[in-house]
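**Student:** Whatever this is, show me its structure:
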Amino acid sequence: MAAGGFSKLPNGSVVVALNLPSPAADGPAGVRVLVHARNRARALTRLRNLGLRAVYLRGNAAPPTPDEITAVLHHPDGVIWRTAPDCGVAGPDLTTELWHPIRALLGRPVAARR
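**Tutor:** Reported below is the predicted structural model:
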């Protein structure tokens with residue numbers, strides 16, 4: 001389960017943002033993952049197919065910011081992440097860290113979006 005939210009784009013697709021605990025025990029406190037897909041269900045399916053099985057979106061408490069939407073739309077895979085802020089408060093991510101492709105987090109290649 002994860003905090004997060006989504007934004008519907010004018011073309012009908014969505015950007016889903018999720019705050020997840022770090023998959024690495026010695027890693028950062030958590031990560032913010034952004035996924036661009038046709039709908040919310042497909043976005044969550046994309047993450048589950050990458051191995052993040054227990055990912056659910058309940059509510060819209062922390063939707064992606066306009067800057068986050070721009071970042072994921074300009075990435076060829078359509079799935080990116082960066083360290084989540086430690087404050088634990090839903091809202092804009094104020095870190096200065098750059099976005100990373102999801103393969104950098106999971107340690108394996110990801111096929112390009114169709």
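**Student:** Endpoints of stretch 17-33, how far apart?
**Tutor:** End-to-end span of stretch 17-33 (Cα to Cα, to the nearest Å): 6 Å.
**Student:** before we move on, what about stretch 52-68?
**Tutor:** 21 Å.
**Student:** So which bits of that stretch are buried?
**Tutor:** 52, 55, 57, 62-65, 68 (16 or more other Cβ atoms under 10 Å). All C-beta spots, glycine's among them, are computed from the backbone N, C-alpha and C.
**Student:** Would you mind listing where the chain has pLDDT under the threshold?
**Tutor:** 1-2, 22-29, 85-95, 107-114 (pLDDT under 70).
**Student:** biggest helix in it by residues?
**Tutor:** Scanning the chain for the longest helix, with DSSP state H as the assignment, gives helix 40-49.
**Student:** who touches it?
**Tutor:** Contacts with helix 40-49, where a contact means Cβ atoms under 8 Å, 6 or more residues apart in numbering, come from 6, 14-16, 18, 33, 35-37, 55-57, 78-79.
**Student:** Any of those buried? List them.
**Tutor:** With burial judged by 16+ other Cβ under 10 Å, the buried subset of these is 6, 14-16, 18, 33, 35-37, 55, 57, 78-79.
**Student:** now for the buried residues of stretch 52-68, which pair is the farthest apart?
**Tutor:** Leu52 and Thr65 (21.6 Å; Cβ to Cβ).
**Student:** Helices along this structure, start to end?
**Tutor:** 40-49, 66-73, 102-106.
**Student:** what's the distance between the longest one and the middle of its chain?
**Tutor:** The gap between where helix 40-49 is centred and where its chain is centred comes out at 11 Å by Cα atoms, centre = their mean, to the nearest Å.
**Student:** Report the buried residues of that helix.
**Tutor:** 40, 43-44, 46-47.
**Student:** picking that back up, present the helices of the chain as CSV; the columns should include distance to Pro10.
**Tutor:** Output for the helices of the chain, formatted as CSV (distance: least, Cβ to Cβ, whole Å):
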stretch, distance to Pro10
helix 40-49, 16
helix 66-73, 11
helix 102-106, 25
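**Student:** quick one, which of the ones you listed is nearest to Thr96?
**Tutor:** helix 66-73 (11.9 Å).
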